[in-house]
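Chemist: next input, structure requested:
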Amino acid sequence: QVQLVESGGGLVQAGGSLTLSCAASGRTFSSYGMGWFRQAPGKEREFVAVSNWNGRSTYYADSVKGRFTISRDNDKNAVYLHMNSLKPEDTAVYYCAAAMAAGLRVRINDYDYWGQGTQVTVSS
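Modeler: Below you'll find the model as predicted:
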């Protein structure tokens, strides 16, 4: 069982930066792939970024590639999403999720545990 709690969301101007954090409970955190997803109002939840168990392999959605960076600290049971050059279209609730399955997972159904989400609003 893994419990996930996101933090770090807020209001930022376009072009600004924000770092989201996701704190995980449980002693097996390092065995999970960790992903970030987001859901904008009226839209479906979409994949943003994923890290494998040790952080050495990552994958990003095209819409955030080059602007966002996912990282993790297994000693602290935490995963982060560093967001730069933010755009108004990045406005969404951001969720972290944990996947037991191996590999870099991008589908919602591949994830076993979810946080409650944190709001990110980018003003123009």
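Chemist: OK, contacts around the closest residue to Gly115 other than its chain neighbours?
Modeler: In space, and not counting its chain neighbours, Gly115 is closest to Leu4: 3.7 Å by CB to CB, 6 or more residues apart in numbering. Just so you know, the C-beta spots here come from the backbone N, C-alpha and C atoms, and that holds for glycine as well. By CB atoms under 8 Å, 6 or more residues apart in numbering, the residues touching Leu4 are Cys22, Ala23, Ala24, Ser25, Cys96, Ala97, Ala98, Tyr113, Trp114, Gly115.
Chemist: go again with 6 Å.
Modeler: Contacts for Leu4 (CB atoms under 6 Å, 6 or more residues apart in numbering) come out as Cys22, Ala24, Cys96, Tyr113, Gly115.
Chemist: same thing with Gly8?
Modeler: Thr19, Leu20, Ser21.
Chemist: now do the same for the second one: helix, strand or coil?
Modeler: I take that to be Leu20. Secondary structure of Leu20, reduced to three states by DSSP: H, G, I helix; E, B strand; the rest coil: strand.
Chemist: so what's the residue count around it?
Modeler: 25 (other CB atoms under 10 Å).
Chemist: what strand or helix carries the spatially most central residue of the chain?
Modeler: For the chain, Trp36 is the residue whose C-alpha lies nearest the centre (CA atoms, centre = their mean; 2.3 Å). For Trp36, the host element (DSSP states H and E) is strand 33-39.
Chemist: what's that strand in contact with?
Modeler: Residues contacting strand 33-39 (CB under 6 Å, 6+ apart): 45, 47-52, 72, 79, 81, 92-99, 105.
Chemist: for Ser63, what are its contacts?
Modeler: Counting by CB under 6 Å, 6+ apart, Ser63 has no contacts.
Chemist: if we can go back for a sec, so how far is Val48 from the residue nearest to Gly115?
Modeler: According to CB to CB, to the nearest Å, Leu4 stands 15 Å off from Val48.
Chemist: and what of Phe37?
Modeler: On the measure of CB to CB, Phe37 and Val48 end up 6 Å apart.
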